[in-house]
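Trainee: one predicted model, sequence on top.
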Amino acid sequence: MLNYIIRRMLYAIPILIGVNLITFTLFFVVNTPDDMARMQLGIKRVTPEAIEKWKHERGYDKPLMFNDSEEGAAKFTRTIFFEKSAAMFVFDFGRADDGRDIAHEIKARMLPSLAIALPVFLLGLIVYITFALVMAFFRATYVDFWGVVLCVALMSISSLFYIIGGQFLISKLWHLVPISGYGGGLDAGKFLVLPVIIGVISGAGANTRWYRTIFLEEMGKDYVRTARAKGLPESIVLFRHVLRNAMIPILTGAVVVIPLLFLGSLIAESFFGIPGLGSYTIDAINSQDFAVVRAMVFLGSLLYIIGLILTDISYTLVDPRIRLE
Amino acid sequence: MSPLLQIDNLETILHTGAMPVRAVDGITLQILQGETFALLGESGCGKSMTALSIMRLLPEVGEIIAGSIRIGGEDLLLLPEAAMRNVRGRRISMIFQEPMLSLNPVMTVAEQIGEALQRHFDLRGAAQQQRVLELLNQVGIPDAAHRMTEYPFQFSGGMKQRVMIAMALAGEPELLIADEPTTALDVTIQAQVLELMRGLQQRSNMAILLITHDLGVVAEMAQRVAVMYAGEIVETATREDFFRSPAHPYSRKLFAALPGRAKRRQGLGLEMISGNVPPLSQEFVGCRFADRCDHAWDLCRTTAPGWSVVATGHQVRCHLFNQNSGSRIQDPVKAAETDFQAIPNPKSPLPNSELLRVTDLKVYFPIHKGLMKRVVGHVKAVDGVSLTIARGKTLALVGESGCGKTTVGKGILQLITPTAGSVRYDGLELVGLERKQLREKRAEFQIIFQDPYSSLNPRMRITDIIEEGMNALNIRNNDRTDHAGHQSLSLQGKKVDTLLQRVGLPPETKWRYPHEFSGGQRQRIAIARALAVNPRLLICDEPTSALDVSVQAQILNLLKELQASLGLAYLFITHNISVVEYFADEVAVMYLGRIVEWGSVDEVLGNPKHPYTQALLSAVPVIELNPKREVIRLHGDLPSPANPPAGCHFHPRCRHAMPVCHRTYPGTSTFSATHTARCYLYPQQQDTSTKHEDCCTGASKNSKF
Amino acid sequence: MTMLFKPVILWTDALIYLLVMVVLAFVWYVRRNEHMLAPWRRVGHSASGMAALTVLVFFIVIGLLDTVHFRPTVENSSNGEKVYSVEVLSLLDVIAAPLRTRVEKTYSAPFAAYLYARETIELLDGGQIREFPRLQFGGAHLQNPEVQLFADVAWRAAAGAALGFLGWCVLVALLGALLARRDNARFLPTLSAIRRGTTEIPWNAVLVTLGLILSLLGAALALSTHYHIFGSDKVGQDVFYQSLKSIRTGLVIGTLTTLMMLPFALLLGIMAGYFRGWVDDVIQYIYTTLSSIPGVLLIAAAVLMMQVYMEAHPELFDTIAARADLRLLFLCIILGVTSWTGLCRLLRGETLKLREMEYIQAAHAFGVSHWRIISRHILPNVMHIVLIATVMDFSGLVLAEAVLSYVGVGVDPSMISFGTMINAARLEMAREPMVWWALLSAFGFMFALVLSANLFADAVQDAFNPRVRTWSLKAGKPQRTGREEDPETKPVAVAVKDSISP
């Protein structure tokens, strides 16, 4: 089993290299640094000097892959690829346009992101599974029917609507909690209530329906009939037999997103003014801060790959068929 | 004595499609205390639905609309669901066909048995564990104390079925319903499980409702038999009466359709039941079997027959036995035998007629493990198989699941690249041939598969399916004169028509799609597809094992007739001994990737030498009234081909195992010009010292190399 | 004669035409093959699916009208030479010209006759007052809006709805006559069969939906010539017009993205599953790598870079519309790149299963070439997965467009879409009193589109993949076709699996 996990980790390395190459191509090969500079400085009144200055400030004034003007190993290290792309492997993300260290910024913003993403994740999991179980228990009745109708309706509504509608209703109309903002410590609670509730609701339709499908598929299996043939009541069949089997795809499906919780949510954070990584990314996109976007792409992939490894580990924990092979 | 279970006029329908399917249409039966009652019938006749109706565990589309089911006088259909739960697993238990799917994969065996004990006896903790252990010991799980904490996937198929039985016994039921309990198991394992069930029943005086399609299992197990056809019971009898003189024409046809040696000796074709079971979504007017019955007359088509008493405890639902309408047949069995059709004996093969010679064929599948997925071993699916097939003859390759017999077939056809060895077809070496060169030869040897449902592409019309091979191999039907495209197309169309007629289907069917055909018809189409390229060798990979007995007879007859008229040679891969008896000229018995015995069909089946062959043959249930055979019980299961036992692969399960068997694989022992085996019980031949020597030669009389 | 307009075929237009042709060819092909028609019949039997399809058809018609683009001529005095306007119009723009051209100064509420903001108005006597001025177009025909407005709106709505209802009646009669002629039945019994829902296709559900649409449409059309029924936005443009224009953007994103990714997903997925070995390894590596970058981030990065590229190469497009269109196309491609991996993985898995099927083994035994096996055996048997994925993806993509446009990496700001509408309106959330109508109509239209797409997708999935039954409740009877065994076709199943899988 340990072998298996180590192999999965080794397998992650070529994928990270691939991600790195993709971002490098996207940011430096498709467009030259000159183009980027012109874009940021404004097309019309830009002088070559201004472009050079812009490039120099950001360290983009070197060759892409191979530096002829240097000696020895520096031929490769004094290049954009080495300094901007390969450096990300040691979490050296460079500086943002406002001069701050990106790595430092990321560290500071992870916690607020997690503060909203984690409750949404946990609460959501509980709520969705509960509702899906209720619908599976009352399958082929009107409870189930209207439950599914509600799910389809909920998943047809834009997430933007949930946020705007929620802000309007709860904060603006009823003045229950602040519309947006963030505070440290216990103070954070009142700012988090609304985004968490909205986060859970906006995922409710699709997830509940998906879990219900898993439950129903599991309930159609032969071992469920065996359990009933033992004379077990339906509730025990559902909770002891069906739930245990259905939790395998549900849990392992959920584990993969756990590391990504650090990234937070792009839209929710910017709407609610939470200083997390999501709003950081949006600000970077809007101000066209290429270095930050590049860093976030790499970080996101890294977290996703960690999620994949965690999924593999969680499989070995919940499924005896894999644990004991 | 009042019956334990009394079913009266039970009607169960399934709400599928536009018309409800009357899966169970008014059946009445009684089961007495402690007896084994067999419900016999082919697929789709409603026997499983009867069982599920008794348990009230019908699928959600099912509904019981009439009748009563009484156990000890209590009507189950009137019980509320909560009370019914006290019956399930306590008074009536059930075991199912697929032990692989019927156990919860993420709960240990002890947990699953324990919850039944807790439910019905409120047994917990150590007492519960103690009882679980007892039950597992009772069903013969070796090392039960240790294995009870394992998960179902760690058990083999036969062991899983034992666990299922232990679970069913947990409630100490009065009635055990066994729905095809051994259909998914190999014969040797089937023998073990049946023996277990017989033993348990004798000890506990529990009644068994045995649901099966297998006459052999009925003969071995049942005290009374009911034959089901199209949703109703058509005959009930004691086992003795039933096997001595089956009454209903359908029952008689079932017996006649069974292949076997006797039928082969007589040179007769198998009795076939024409047509298919009628769909149960229709209303029936007359007798349901009338359309397929040889004795049917007008009355049968207009009036549903009632029960007629043939003898005490022997009833039949057939007008032939109705006193009022006059018995039409005096001796039913004799009458049934008159309409066998004779099949001409194949032309005697040409001298020196070897068509295929396989020498030391090996097919290994690598096992990857560890950090870098290194190859740490091989699954030796086929480990040095040699065989020859003569022109126009049939070689049967017999073995249990997992012995590698299908892989041999695919290796011969080069569908799987062999690891080593040679396959010479008509003198031409096939192994290592380029794809293109191989293609030129592909028309010569073709294959028919087991599963008629996955062997035809559902998205292609029959004509396209049949033409595919002709197009791929440029079969021009011996007619080189036509150059115009459409002319050759119309010729091809004619050929498709001829082929379909040849396999017994009307040519109009070629515009249809596979889903419109039944299993037997699909198998005919698959045969037509193979014949389209004029092969000389057909590899038949369990072509009838997914079919009902009556349909199996149709296919076997067709194959036999084709062999006679076209001179085809067959490599017949099967696990069904009675088909071998009827069909094969020579038999090769395979165990764990190697052939252990080889000879003509009479030699091997009549005088088996290898202990495995002996055990295999003794395990096959026989359809005789008083079987005087001793079942040689095999211990344990087939070992993994990834890690076969040292020495003779069979020694861990062999009752004759000697020290030498543990060390080296035995060489060939020859009993006659055609009969060889590999076993230390018999004098070894000289040429066995090297492993690469062929074990099983002597296929055709003159081949000593 | 000189032409009055110059046809313009933008990139997305061309692809939509291609898509329409593909769909038509597909329909023609399916109609000729009974076995392919069967699952579509099942779709046709789903009441919710057919009702949803009716709504979708309505959206698609608007989207197609908005796809036929051209540049009108502008009068040119000098030497009679024709000059085409730089403005690219569509058929929808022409039909909705009253909506498009009647631009107010700034915000106005739905059915308002006055502007939403006070303005300083110079009185005749030289004094100034601040008041809500009358709208230039909305309710301009009314003498005294305070009194007349409600009655006028009600009367026009009723008249419009009645007209719509009349049209509906004509359609019902036509359908009844058509069905009666086809089945050789009489007219009135056919109508009553439709009403009772005993027809094969649930025409009653279709007709109820159609009746609602036509009545609403009639009322909306009757009103929109004299009012801004959904109000007007910051620059005074009619919100109803914007909502109609947004439909095409949503449809394009929802369909073309799939069209873009389909060839890759199909080719790579099938190749990986069929050839296995190193081909599989390479393809798996590619899609794992691509899918490990969180979608929004990859899209954001790609769109940023696309912006830089388009800034650096302004010669690629000659009009603003062409520029916006090219950006839309790029967005589709980028969305496609991020979303093909899921389908690719599904197809690989299915192909792995299929290649072990016995009919493919049989084809190998005939020496049929790989290419023919893929095209004749595998491709037709995975198409249902492609179809299900396509319809399931559609609604997600429409929703994604709104989010991406909000984040700033969506469509061109000059292109009207649900996302840009929401983005623009959101800024006015804080305004007192709130400007809510643009938001609400964008969400409303999007909800109708996505809901009907979801319902239709459900019907398609139920029909093509009966194993996963989403839901169905007919006359209180559960209808699970998933697991029960058909007594006619189930073999005795002595499934003795012999082959040892490696």
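Mentor: Cool, got the structure.
Trainee: may I have the phi/psi pair for residue C:23?
Mentor: The phi and psi values for residue C:23, taken as degrees, to the nearest 10, are phi -60, psi -40.
Trainee: what number of residues lie near residue A:201?
Mentor: Using other CB atoms under 10 Å in any protein chain shown, residue A:201 has 18 other residues around it. Bear in mind the C-beta positions are built from the backbone N, C-alpha and C, glycine included.
Trainee: what do you get for residue A:192?
Mentor: Residue A:192 has 21 neighbouring residues, counting by other CB under 10 Å.
Trainee: same question, residue A:117
Mentor: Quick note: residue A:117 (other CB under 10 Å) scores 26 neighbours.
Trainee: now residue 299: closest residue in space, sequence neighbours ignored.
Mentor: All of this refers to chain A. Nearest non-adjacent residue to residue A:299, counting by CB to CB, 6 or more residues apart in numbering or on different chains: residue A:106, 6.7 Å away.
Trainee: not what I meant, chain C
Mentor: Distance criterion CB to CB, 6+ apart; nearest residue to residue C:299, sequence neighbours excluded, is residue C:334 at 5.4 Å.
Trainee: on that earlier part again, tell me the buried residues in the helix or strand hosting the residue nearest to residue A:299?
Mentor: Using DSSP states H and E, residue A:106 sits in helix A:102-137. Neighbour counts over helix A:102-137 (16 or more other CB atoms under 10 Å in any protein chain shown) mark A:102-103, A:105-106, A:109-110, A:112-117, A:119-121, A:124-125, A:127-129, A:131-133, A:135-137 as buried.
Trainee: where does the stretch 601-705 of chain B get nearest to chain C, residue-wise?
Mentor: With CB to the nearest CB, the shortest gap between the stretch 601-705 of chain B and chain C falls at residue B:641, namely 6.4 Å.
Trainee: from residue B:380, how far out is that residue?
Mentor: 5 Å (CB to CB, to the nearest Å).
Trainee: shared neighbours, these two?
Mentor: Common neighbours of residue B:641 and residue B:380 (criterion: CB atoms under 8 Å, 6 or more residues apart in numbering or on different chains): residue B:593.
Trainee: for the stretch 151-300 of chain B, give me the ranges with low pLDDT.
Mentor: Judged by pLDDT under 70, the stretch 151-300 of chain B has its weakly predicted residues at B:265-268.
Trainee: what does it put close to chain C?
Mentor: B:183-184, B:186, B:213, B:277, B:279-280 (CB under 8 Å from any CB of the partner chain).
Trainee: in JSON lines, list those along with distance to residue C:99.
Mentor: As requested, those are arranged in JSON lines below (distance: CB to CB, whole Å):
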{"residue": "B:183", "distance to residue C:99": "71"}
{"residue": "B:184", "distance to residue C:99": "69"}
{"residue": "B:186", "distance to residue C:99": "76"}
{"residue": "B:213", "distance to residue C:99": "72"}
{"residue": "B:277", "distance to residue C:99": "66"}
{"residue": "B:279", "distance to residue C:99": "59"}
{"residue": "B:280", "distance to residue C:99": "62"}
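Trainee: what's the closest of these to chain A?
Mentor: residue B:184 (11.6 Å).
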